[in-house]
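Student: Starting from these lines, generate the structure:
(2 chains)
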Amino acid sequence: MTWLVWRQYRVQAAIAFALLAAVAAVIIADGIQIASHWHSTIAACAGNSTCLLQASPLVNGVVSDLPYLSMIVPVVLGLLWGAPLVAHELEARTSDFAWTQSVTRMRWLTAKAGALLLVAAACGGVTAALITWWSGPINAKFASAFTPGQFDTQGIVPIGYALFAMALGIAAGTAARRTLPATAVVLGGFIGLRLVISNFLRPHYMAAITTYYHVTGSFTPPGQAWILAQGGLSPTGRVVAEGWGDLYPALPAVCRSLLPGSPTSKSGSSESAVFSCMQAHGWRGFATYQPSSRYWPFQGIETGIYILLAAVLIAATFAVIRRRDA
Amino acid sequence: MSAAIETRELSKRYRRVSALTDCTVTVPEGRVSALVGPNGAGKTTLLRMLAGLASPTSGTASVLGGMPRQDPAFLAEIGYLAQEIPLYRRFTAEDHIRIGAHLNPHWDASLVRTRLKELRIPLDQRVGTLSGGQRAQVALALTLAKRPRLLLLDEPVAALDPLARRNFLATLTSAMADAEGTLTVVLSSHLITDLERVCDHLILLAGSRVQICGDIDMLLAEHKVLIGPRKDTGPVERAHTVVHAVTTARQSTLLVRLGGPVTDPAYQAEDVSLEELVLAYMGADEANADKHLMAVGEDS
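Tutor: Modelled structure (predicted):
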């Protein structure tokens, strides 16, 4: 079986390998530049954090889109290799050849799907490793590794995405028996599920931590934390998100009048005066966040979810191939 | 002699359409069975169920002593070639030979190579670029290289020109000779003259049902064409089974399955050819279908 799989995919594998190598070269070349730029900035700023943030941006132009590769590689593999795996054999009727050799359909599927899932995981892993390394200085500068967009492209989650996209392609192709509808399912399913999980599920993998602080002060969770919400809390417990637009109507009239630029503002008004006023009226600051220490547990949970879904899809594919007529 | 194929009331339904109904047939080992019938009669459905590619809705099939199943030992003994000649179009014949070598326990690669060299079919050319006849030959040679005990061929010659067809059947006959009675073949085709040349057993399907099944010589001996004056056919129908009747103003021609010797001196009994027999049974089903339609019409 291994030889058949190799014969079927050797050309595509060579092309994929060449593409991946080219992409890797670009990431590495650019990553080296970013890193050296970052190190010289650190040296120049000598520990001054404001100086670090105000330094010239680390990435510019097209290269700033490189992290998307951690999404694109999985979905492309699912589209180009997953969807046709069973569907194209049925369309070209080559399944009649493959399934009447002295090898059961189960073994045939195990070999083919197994090889492609392995390749998907490897490609996802390599891309993720490169992007994680490339993003190092950006993570350090903005403490942003845990935030959506960064979290999704680094660490081990892209491996889960790659396995899921491949499994989805294989399962959809088997169910639809045609490649084209299966590719549509991969595209829609992958994007849709990613949106749902990253927006609605991920913030709740573990109960978030809320810290309260004096509104006159400030609070930033240590390390690469993921801040879910931050703002003011009224004495009655009413949560008001950050930003004066939201805050303004909720403030006591006395404090409101201290805000610069408000219709009733008096002389000597300033933002800090408003904060002192809010503090005096029993307002507190709050930050709801997932602490830095949960980065890897979250990576593990999210990867686990996608691997579990991939396993369900592959099991369903086996059940269909076993039971359904060829 | 044991049976290579034995089915009992084998049926296959696709949603509400019956593809094969109560199919009970026996093909003894070592025979070449012609599977004939109009399009949509269930020939492909029967062959796919025998090859284990489809499962029956009801009834049973015993192929080489067991149920068709997903089991390497069973699959190794079955050679199946579908109508569409399924090969990987981008692969060469040599690629297919190597795939076969990896996937089959008693693979005879030299058989394919020798056969294709005899036919001057290039081994190193993509099979998608070969002619239809060459491709069919490659597929047949690959199927034979498995050294199967049962060969199921689904209209493999349908798309071929007469010469390619003859070559294909020659390959088949020489494989039969090599196998010395251990190879059983079921070959479906519309070309009765081809089948006549290579087959000694017949399964005739029409309207998803088996019309006749048996040894061709015996079937031919059991059937006669009775030609006589146009008169009441009642006595003939009581003595024999009329399969097909054609009556003109003065004469009736009846193809009958004999129930005994022909005693009425008014009829002249003639032997039937395989083609006449097949057409009579296929026509009989059509006549039944017409009757059925009329009956339905009367009901409504």
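Student: top helix in chain A by residue count?
Tutor: helix A:2-45 (DSSP state H).
Student: Which other helices and strands does it contact?
Tutor: helix A:49-54, helix A:69-77, helix A:105-142, helix B:93-103 (3 or more CB pairs under 8 Å, 6 or more residues apart in numbering or on different chains; DSSP states H and E). Glycine gets a C-beta too; all of them are placed from N, C-alpha and C.
Student: go with 10 Å
Tutor: Here helix A:2-45 touches helix A:49-54, helix A:69-77, helix A:83-91, helix A:94-98, helix A:105-142, helix B:93-103, going by 3 or more CB pairs under 10 Å, 6 or more residues apart in numbering or on different chains; DSSP states H and E.
Student: list the buried ones in stretch B:154-164?
Tutor: B:154-157, B:160, B:164 (16 or more other CB atoms under 10 Å in any protein chain shown).
Student: And it, end to end?
Tutor: Start-to-end span of stretch B:154-164 (CA to CA, to the nearest Å) is 16 Å.
Student: wait, does it contact chain A?
Tutor: Yes. Residues of stretch B:154-164 contacting chain A under CB under 10 Å from any CB of the partner chain: residue B:154.
Student: Now do that stretch, average pLDDT.
Tutor: Mean pLDDT, computed over stretch B:154-164, is 87.
Student: Stretch A:156-163 too?
Tutor: 97.
Student: show me where pLDDT drops low in chain A?
Tutor: A:243-244, A:261-269 (pLDDT under 70).
Student: For the stretch 1-150 of chain A, what lies in contact range of chain B?
Tutor: Near chain B, when you scan the stretch 1-150 of chain A using CB under 10 Å from any CB, you find A:1-4, A:6-8, A:11, A:89, A:92-108.
Student: from those, which would you call buried?
Tutor: A:1, A:4, A:7-8, A:89, A:92, A:94-105, A:108.
Student: Roughly how far does residue B:139 sit from residue B:178?
Tutor: Look at residue B:139 and residue B:178: by CB to CB, to the nearest Å, they are 18 Å apart.
Student: neighbour-wise, which of these two wins?
Tutor: Just comparing residue B:139 and residue B:178: by other CB atoms under 10 Å in any protein chain shown the higher neighbour count belongs to residue B:139, 24 against 12.
Student: Next one: that one from chain A, what distance?
Tutor: Using CB to the nearest CB, to the nearest Å, residue B:139 is found at 8 Å from chain A.
Student: Would you agree that residue is in contact with residue B:96?
Tutor: Yes. In terms of CB atoms under 10 Å, residue B:139 counts as a neighbour of residue B:96; the distance is 8.5 Å.
Student: Now list whatever residues contact both of the two.
Tutor: A:97, B:87, B:127 (CB atoms under 10 Å, 6 or more residues apart in numbering or on different chains).
Student: who's in contact with the last one?
Tutor: If a contact means CB under 10 Å, 6+ apart, then residue B:127 has B:85, B:87-96, B:121, B:134-135, B:138-139, B:142 as its contacts.
Student: How is the most centrally placed residue in chain B classified with respect to secondary structure?
Tutor: Nearest to the mean C-alpha position of chain B, counting by CA atoms, centre = their mean, stands residue B:35 at 1.5 Å. Here residue B:35 is recorded as strand under DSSP: H, G, I helix; E, B strand; the rest coil.
Student: just to revisit the earlier point, now render the shared contacts of residue B:139 and residue B:96 as a markdown table, adding distance to residue A:122.
Tutor: Output for those, formatted as a markdown table (distance: CB to CB, whole Å):
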| residue | distance to residue A:122 |
| --- | --- |
| A:97 | 29 |
| B:87 | 31 |
| B:127 | 32 |
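Student: Just the closest of these to residue A:325, please.
Tutor: residue A:97 (16.2 Å; CB to CB).
Student: Which helix or which strand is home to residue A:240?
Tutor: strand A:239-241 (DSSP states H and E).
Student: how about the helices of the stretch 151-300 of chain A, start to end?
Tutor: A:157-176, A:179-196, A:244-247, A:253-256, A:271-280, A:295-323 (DSSP state H, counting those that start in this stretch).
Student: what about residue B:268, neighbour count?
Tutor: Neighbours of residue B:268 (other CB under 10 Å): 11.
Student: these two touch, right, it and residue B:252?
Tutor: No. Using CB under 10 Å, residue B:268 is not in contact with residue B:252, being 11.4 Å away.
Student: Residues that sit against both of those two, list them.
Tutor: What both residue B:268 and residue B:252 touch, as defined by CB under 10 Å, 6+ apart, is the set B:226-228.
Student: could you flag which of those are buried?
Tutor: The buried subset of the shared contacts of residue B:268 and residue B:252 (16+ other CB under 10 Å) comprises B:226, B:228.
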